[in-house]
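Asks: sequence and predicted structure below; questions after.
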Amino acid sequence: MTRREALERLSVAVVAFLAGCTKDQTPELREKARALGTHLDCSDVVLLGAAELATRTSNEYRQHSDLPDQFCLSCLNYVPPANPATCGTCKTVKGPINPDGWCKQWTKARS
């Protein structure tokens, strides 16, 4: 095997490896968000002040996303709870947050 052939094979192997590493995890994460969020009611905002309530309204927060690739569990701003059977929180929208939720501040989490 020549040096050139070895380098070509190595580059093909590296590209194949990287392609496997960057597999889109969105469908699996989407199912997890739906499973976690289906039975959660994250609408109790009685402890929030007027300004905190305004963040929910102005950002159009909703408990369940209709978008296949945008939901709180996949958002950079989502803070998961210690107990997955409870609501999480958010860095931009105040109050309890459903992992299956969405708002217009949604930002794709970095892998």
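Replies: It's in.
Asks: centre-most residue in this protein?
Replies: S74 (0.7 Å; C-alpha atoms, centre = their mean).
Asks: check contacts around that one.
Replies: Contact analysis of S74 by C-beta atoms under 8 Å, 6 or more residues apart in numbering lists 26, 29-30, 33, 108-109. In short, each C-beta sits where N, CA and C put it, glycine included.
Asks: for it, give its distance to M1.
Replies: Distance, S74 to M1, using C-beta to C-beta, to the nearest Å: 44 Å.
Asks: can you check C42 too?
Replies: 59 Å.
Asks: pLDDT on the helix or strand where R9 lies, on average?
Replies: R9 is located in helix 3-21, with elements delineated by DSSP states H and E. Mean pLDDT, helix 3-21: 62.
Asks: which element follows that helix toward the C-terminus?
Replies: helix 26-37.
Asks: next secondary structure after that next one?
Replies: helix 50-58.
Asks: need the residues that contact that following helix.
Replies: Contacts of helix 50-58 (C-beta under 8 Å, 6+ apart): 45, 48, 61, 92-95, 103.
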